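Visitor: Show me how the following folds:
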Amino acid sequence: MKASKLLKIIRQNLKDYPIDYLRNKATDDRYKDPLTKKLAKYNSSVYDEIYEIEIKDDFEIKDNIIKNIQSDIGFYFDRYSPGDSETREFTKNISLYLALIAKKPLHPYTENSKDDVYYFNGDYYCKGRVKYIHDERSLCRYCVCKNVSFSAMF
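Guide: Reported below is the predicted structural model:
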């Protein structure tokens with residue numbers, strides 16, 4: 001499938017998602033966990049990006065990769081959050097966009113190498129990837145991040 005076609009499908013799938021709820025979560029004082037806020041901010045900015053971007057140099061994406069990501073996200077939600085179909089669909093579409101079109105990390109990142117996921121010298125790095133990539137049906141397999149060397153973790 002062409003990336004432009006996948007982007008069109010993602011846009012269609014996300015059009016009714018209550019994005020204002022997610023945007024508000026990033027600043028709402030009722031949510032104390034900074035990771036929750038950081039994720040809400042990242043995902044809402046990715047949502048905006050999905051509707052702003054235009055693919056100039058279209059490219060092919062293998063259908064089996066799309067199906068595998070969708071299936072692995074389904075596996076994750078069946079195991080850890082059954083019944084949360086709205087978040088499942090949002091996560092599926094955001095992840096497809098990030099991994100296959102934008103080629104950005106699936107998690108929020110900074111340019112500070114002290115953070116778990118960061119951007120440095122043209123590449124994305126994740127300190128947890130080396131551990132979590134071995135989890136059953138891990139989404140790390142699709143993420144653009146590179147492993148951080150052991151010495152770089154300290």
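Visitor: Strands of this protein, start to end?
Guide: 117-120, 123-126, 146-147 (DSSP state E).
Visitor: For these, give me CSV that also has mean neighbour count.
Guide: All C-beta spots, glycine's among them, are computed from the backbone N, C-alpha and C. Converted to CSV, those look like this (neighbours: other C-beta atoms under 10 Å):
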stretch, mean neighbour count
strand 117-120, 18
strand 123-126, 18
strand 146-147, 14
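Visitor: Now mean pLDDT too, for these, in JSON lines please.
Guide: Output for these, formatted as JSON lines (pLDDT from 0 to 100):
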{"stretch": "strand 117-120", "mean pLDDT": "97"}
{"stretch": "strand 123-126", "mean pLDDT": "97"}
{"stretch": "strand 146-147", "mean pLDDT": "96"}
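Visitor: Tabulate those strands (TSV), appending distance to D63.
Guide: Listed next are the strands of the chain as TSV, based on distance: least, C-beta to C-beta, whole Å:
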stretch	distance to D63
strand 117-120	28
strand 123-126	25
strand 146-147	26
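Visitor: Of all those strands, which one comes closest to S71?
Guide: S71 lies closest to strand 123-126 among the strands of the chain, at 22.1 Å (C-beta to C-beta).
Visitor: buried set for the worst-scoring helix or strand of the chain on mean pLDDT?
Guide: Scoring the helices and strands of the chain by mean pLDDT, DSSP states H and E places helix 19-25 at the bottom, with a mean of 91. For helix 19-25, burial by neighbour count (16 or more other C-beta atoms under 10 Å) applies to 19, 22-23, 25.
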